[in-house]
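Novice: Show me the folded form of this:
(4 chains)
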There are 2 protein chains.
Amino acid sequence: MKIKKVDYDQILKILEEKGIPPSFQRIKILEYLILNRTHPSVDEIFRDLAPEILTLSKTTVYNTLKLFAEKGIVKVLGIEKDFARYDIDISPHSHFKCIKCERIFDLKISDDKDLKIEDGFEKIYSENYIYGICKNCK
Amino acid sequence: MKIKKVDYDQILKILEEKGIPPSFQRIKILEYLILNRTHPSVDEIFRDLAPEILTLSKTTVYNTLKLFAEKGIVKVLGIEKDFARYDIDISPHSHFKCIKCERIFDLKISDDKDLKIEDGFEKIYSENYIYGICKNCK
DNA sequence: TTCCGGTATTGAAATAATTACAAAGTTGTA
DNA sequence: TACAACTTTGTAATTATTTCAATACCGGAA
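Specialist: Predicted coordinates:
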């Protein structure tokens, strides 16, 4: 069985490219996002990292994710009504939430560009959320 | 100058069709939604109706909109990060938020059906939000 | 190494939207 | 008029997120 490992050089490179000074917490949170592609929430990230980083504060998780979002490392998902989820995959794609198991799935978007917008409106970014039942829950 | 008026029979009919017993507050809130197609928030509805309905409680606005949403009279929009907006137009369409003037515009969706979903996922409903600059703000 | 200034982290308190809940008001009916 | 069911109301609770000030950390200059 293979233990997933993350190349720290890769993480440091991502941070450096975006002009973010690395810190232990930032590296760990970024590593978590790369390893856990489940669109985790602040609570989930905090819950999973806290045992490993005993002094970790939830504020740090908030601060770090806000910084990552500003620098374009993560995308904030508004797919939940009450809280934010974060996606390390910033390539254009849609999200599917199963209303039974509550999991979030990535969907290849058929073609983002062919969604025409009326003239005069200038699109900067968009979000597309689909809700339903996933394969496993049917 | 023409004063917009709402046909109360129409409002009563909508409520009756959905099995919602009419009340003064429900009628007024539904009238507000029909007259103000700006995708208002709870706060906006409360602020505008409170002078007219002196005893109105914000809880009533919440209760009523939740009831309307459950019965399919309104759609809840997750286009804002912090609060819900409500749309009396339940026909399939997208929404555009101008990041300058903050207004929400309705967009005709090019074709909802041609957004193909991977096999095995059963779509129940979806939401599509587009953010950018509107005609007036350019 | 030691000091210093800037930055990062932390935890507590503040904020704000929404919900829970119980009391009071309203309505229709017998 | 009396009653039961439902609606409205206001307050308190809940919860995600932000603010903020104190502390901790880190890298460079002396």
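Novice: Give me the neighbour count for A:Asp82.
Specialist: Counted by other Cβ atoms under 10 Å in any protein chain shown, the residues lying close to A:Asp82 total 5. For glycine as for every other residue, the C-beta is placed from the backbone atoms N, C-alpha and C.
Novice: Is there contact, residue-wise, from the longest strand along chain A to chain B?
Specialist: If you go by DSSP state E, chain A has its longest strand at strand A:122-133. Yes. Interface with chain B: strand A:122-133 contributes A:122-133 (Cβ under 8 Å from any Cβ of the partner chain).
Novice: And the buried ones among the residues you listed, selectable in PyMOL?
Specialist: Burial among the residues of strand A:122-133 next to chain B is assessed by 16 or more other Cβ atoms under 10 Å in any protein chain shown; the matching PyMOL selection reads:
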select buried, chain A and resi 126+127+128+129+130+132+133
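Novice: what's the closest of the residues of strand A:122-133 next to chain B to B:Gln10?
Specialist: Closest approach between the residues of strand A:122-133 next to chain B and B:Gln10, by Cβ to Cβ: A:Tyr131, at 30.6 Å.
Novice: list the contacts for the closest one?
Specialist: Applying Cβ atoms under 8 Å, 6 or more residues apart in numbering or on different chains to A:Tyr131 gives the contacts A:96-97, A:99, B:123-127.
Novice: can you put those residues in TSV and add distance to B:Asp48 and pLDDT?
Specialist: Shown next, in TSV, are the contacts of A:Tyr131 (distance: Cβ to Cβ, whole Å; pLDDT from 0 to 100):
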residue	distance to B:Asp48	pLDDT
A:Phe96	37	97
A:Lys97	33	97
A:Ile99	33	96
B:Lys123	35	94
B:Ile124	33	95
B:Tyr125	29	94
B:Ser126	30	94
B:Glu127	26	95
